[in-house]
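Undergrad: Have a look at this prediction, sequence included:
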Amino acid sequence: MKLSTNDILVVVFVCLALITGRFAFSQGTQNLDTSLIEDLLTETSGVSTPTNGGVPDDSVTFDFGGDATDAPKPDSIWSIIRAGGIVGWVIILLSVAAGALIIEHLLTIRRSALIPQELADRLFQLVKSGERAKAVELCQANPGFLSNVMLPALMQPWSHWDYVEKAAEDALAEQTGRLYRKVDWLSLIGNIAPMLGLLGTVIGMIVAFRELSLSDGMARGADLAEGIYLALVTTVEGLLVAIPTLAIHSLLTNRVTTLAGDVAFTVEQILRPIKFAVKKTESTQ
């Protein structure tokens, strides 16, 4: 089954909706668990310090089941991704869509896919021998870029070269435009991703300043860290998606331009016997 660009985007947006809902549910559960733990710690915080004759005994130690070698572990990739929040998940889904589109474009926008040499040779032989019906049937049986350009030209009366040439030019422009529009989805993703990163940055700064406001300007660095962390993570995610996506979009656009020129040259070679036959007829009249 062959998926179109629109099918891929629909699947991506459905996955985005599912992941967003799952993330919101997990965040709510996590916040509930955190509040319960904080209440428990508050209730058990009134622990007196052991004394020895009214003097604090420094020799008394407490064992909380930990180890002196225990130290905070650096954040994992998963925790960094989760720090981006819903905006971060949207950017990640856009990266998945961009990756799927890039793979599809690299497989379909190739010379062997757009200009099959065997088909071109067969069409040339049929046109040269004047077998118009077989040439039309061959194009209809092998849909593709080359066939879609050749078919309108072959349907014109071969005795009028101007009609044949105009039909081929119009079909080539239409097929090339479709390829450009197909590749432009990458440009859309590449432009949206950094804007979403900027949105995450603004949200993170709002969170940070809200903490500052609630503390009457006496907020600690740890209180502001969450918002700043969100701002930096989403900014990086947006740039990591946008930079390669826009670069590959530029490369694919250049490839489409090059292949469109190759198709134009191939069509001209295939239709050359018709052109020569018309010119020969005109010269004998």
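TA: Arrived safely.

Undergrad: State the number of residues packed around Ser283.
TA: Counted by other C-beta atoms under 10 Å, the residues lying close to Ser283 total 7. Glycine gets a C-beta too; all of them are placed from N, C-alpha and C.

Undergrad: What of Ala247?
TA: Neighbour tally, Ala247, other C-beta under 10 Å: 12.

Undergrad: Pretty sure Leu123 sits against Val149.
TA: No. Using C-beta atoms under 8 Å, Leu123 makes no contact with Val149, being 10.7 Å away.

Undergrad: For this structure, give me the ranges with low pLDDT.
TA: Within the chain, the ranges that satisfy pLDDT under 70 run 1-84, 211-227, 229, 282, 285.

Undergrad: Which phi and psi values does Gln117 adopt?
TA: Phi and psi for Gln117, reported as degrees, to the nearest 10, are phi -60, psi -40.

Undergrad: Please determine how far it is located from Asp162.
TA: Per C-beta to C-beta, to the nearest Å, Gln117 is found 29 Å from Asp162.

Undergrad: Likewise for Leu240?
TA: Taking C-beta to C-beta, one finds Leu240 at 52 Å from Asp162.

Undergrad: who's more crowded, the two?
TA: More crowded of Leu240 and Asp162, by other C-beta under 10 Å: Leu240, with 16 against 9.

Undergrad: Show me which of Leu123 and Val149 is the more surrounded one.
TA: Taking neighbours as other C-beta under 10 Å, Leu123 and Val149 compare with Val149 leading, 28 against 25.

Undergrad: you'd agree the more buried one is up against Ala171?
TA: Yes. Val149 lies in contact with Ala171 (C-beta under 8 Å); the separation is 4.5 Å.

Undergrad: any idea which element Ile102 lies in?
TA: In this structure, Ile102 is located in helix 85-108 according to DSSP states H and E.

Undergrad: just checking, what packs against the following helix or strand past that helix?
TA: Next in sequence after helix 85-108, counting helices and strands by DSSP H and E, comes helix 111-114. Counting contacts by 3 or more C-beta pairs under 8 Å, 6 or more residues apart in numbering; DSSP states H and E, helix 111-114 is packed against helix 145-155, helix 221-284.

Undergrad: quick one, the shortest one and helix 221-284 angle?
TA: Helix 145-155 and helix 221-284 meet at an angle of 30 degrees, taking axes from the mean of the first three to the mean of the last three C-alpha atoms, to 10 degrees as the criterion.

Undergrad: buried stuff in helix 145-155?
TA: Neighbour-count burial for helix 145-155 flags 145-154 (criterion: 16 or more other C-beta atoms under 10 Å).

Undergrad: Return the member of those nearest to Leu251.
TA: Using C-beta to C-beta, Phe145 comes nearest to Leu251 of the buried residues of helix 145-155, at 18.6 Å.
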